[in-house]
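> I would like to see how this sequence folds:
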Amino acid sequence: MKEPPASMKMSLFSALAELARACPYFSFQMVRMSLGDTPLSAKPALLREYLSEAMKKKVVHDAGREWYSSLETPAVLDPEATAPLREALAKRFPFLPHYVWSTRQVNPWMHHLLGKFILFVNIESGGEDDVAAFLRNEGWSVIVNPTAKTAKDFAPGERSVVIRGIRRPFDPATEPRVETMLVDLMLENSRLRLMDETERQEMSRKLVTTHRVEIASLLARLRKHRLDLAGLVGADTKPIIGEK
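Numbering: from 1, shown residues only. Model prediction:
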């Protein structure tokens with residue numbers, strides 16, 4: 001006799017509660033494995049249908065590409081931290097693909113608040129010099145594609161800007177996403193030592209465990225740079241994603 005749908009949903013919701021207690025993010029495959037040898041685990045299409053219902057009921061929340069989260073509140077970067085620079089660039093270079101983020105935007109998740117900040121302009125490679133000349137003329141302190149050696153005398157400040165030419169494709173209409181910023185900050189900190197690395201890891205862990213991110217996108221971006229989640233968030237033993 002087949003298990004009735006009501007019992008299937010109860011089994012699923014119970015499994016989701018167990019996963020949520022174990023970690024804030026879990027994949028479709030993890031949900032399926034947690035159901036064990038049950039009728040629902042053998043019916044992926046029906047399981048996806050029930051998971052959609054669970055998201056509508058806010059039992060779980062979408063974390064991107066068949067990942068789910070127990071965290072309801074999404075992580076959002078404060079746009080005011082970058083507004084003056086974004087507006088200046090949009091006016092002068094309306095068709096140049098770029099995105100802007102700031103170390104100030106991570107302050108809500110820092111244990112020790114940053115008092116001085118650096119803005120980053122990630123720009124389609126080839127446009128760095130024109131943008132740098134414009135910003136310097138407008139009174140910004142600018143450095144282009146810095147290394148640890150060339151940036152040693154570059155000081156943080158309200159009008160301090162790092163311009164980084166990038167070759168990877170990106171959508172300027174949606175960037176910077178939180179997931180992009182977290183990996184960018186990890187990369188920049190290894191180059192420029194913007195903050196203590198342990199503090200950066202603690203900030204990243206706090207962000208992804210208190211506010212929901214698209215964990216699928218974050219993991220994909222880490223893999224693209226041959227990085228991993230442990231390097232992003234440190235060696236804390238509490239898991240962020242479940243075991244596959």
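
> From here on, just use CA atoms for contacts and neighbour counts.
Fine.

> Show me what the closest residue to L85 other than its chain neighbours is bridged to.
Among residues not flanking L85 along the chain, V100 sits closest, at 7.8 Å (C-alpha to C-alpha, 6 or more residues apart in numbering). Note on V100: beta-bridge partners by DSSP bridges are V121.

> got the contact list for V100?
T82, L85, R86, L119, F120, V121, N122, E175, P176 (C-alpha atoms under 8 Å, 6 or more residues apart in numbering).

> Quick check: chain neighbours aside, which residue is closest to the fifth one?
Using C-alpha to C-alpha, 6+ apart and skipping the chain neighbours, the partner closest in space to F120 is V162 (4.8 Å).

> Can you list the helices and strands that the helix or strand where the one you found lies packs against?
V162 is located in strand 160-166, with elements delineated by DSSP states H and E. If you count contacts as 3 or more C-alpha pairs under 8 Å, 6 or more residues apart in numbering; DSSP states H and E, strand 160-166 packs onto strand 119-124, helix 128-137, strand 141-144.

> Give me whichever of these is most buried.
Most buried of those, by mean neighbour count (mean count of other C-alpha atoms under 10 Å): strand 119-124, with a mean of 22.

> Spatially central residue in the chain, please.
Geometric centre of the chain, nearest residue: E179, 1.6 Å, by C-alpha atoms, centre = their mean.

> and the helices and strands packed on strand 160-166 as JSON lines, adding distance to P169 and mean pLDDT?
Converted to JSON lines, those look like this (distance: least, C-alpha to C-alpha, whole Å; pLDDT from 0 to 100):
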{"stretch": "strand 119-124", "distance to P169": "8", "mean pLDDT": "94"}
{"stretch": "helix 128-137", "distance to P169": "16", "mean pLDDT": "96"}
{"stretch": "strand 141-144", "distance to P169": "20", "mean pLDDT": "96"}
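
> where does K152 land on pLDDT?
Looking at K152, its pLDDT stands at 86.

> Wait, a strand at it?
No: K152: not assigned to a strand; according to DSSP: H, G, I helix; E, B strand; the rest coil it is coil.

> Count the neighbours of D62 for me.
Counted with other C-alpha atoms under 10 Å, the neighbours of D62 add up to 23.

> who does it bridge with?
Note on D62: beta-bridge partners Y68, judged by DSSP bridges.

> Just confirm it contacts E53, I think it does.
No: judged on C-alpha atoms under 8 Å, D62 makes no contact with E53 at a distance of 11.5 Å.

> related to what we said a few turns ago, who does the residue nearest to F120 form a beta bridge with?
Legend: beta-bridge partners of V162 under DSSP bridges are F120, I143.

> For it, which residues are in contact?
Contacts of V162 by C-alpha under 8 Å, 6+ apart are I118, L119, F120, V121, V142, I143, V144, N145, P146.
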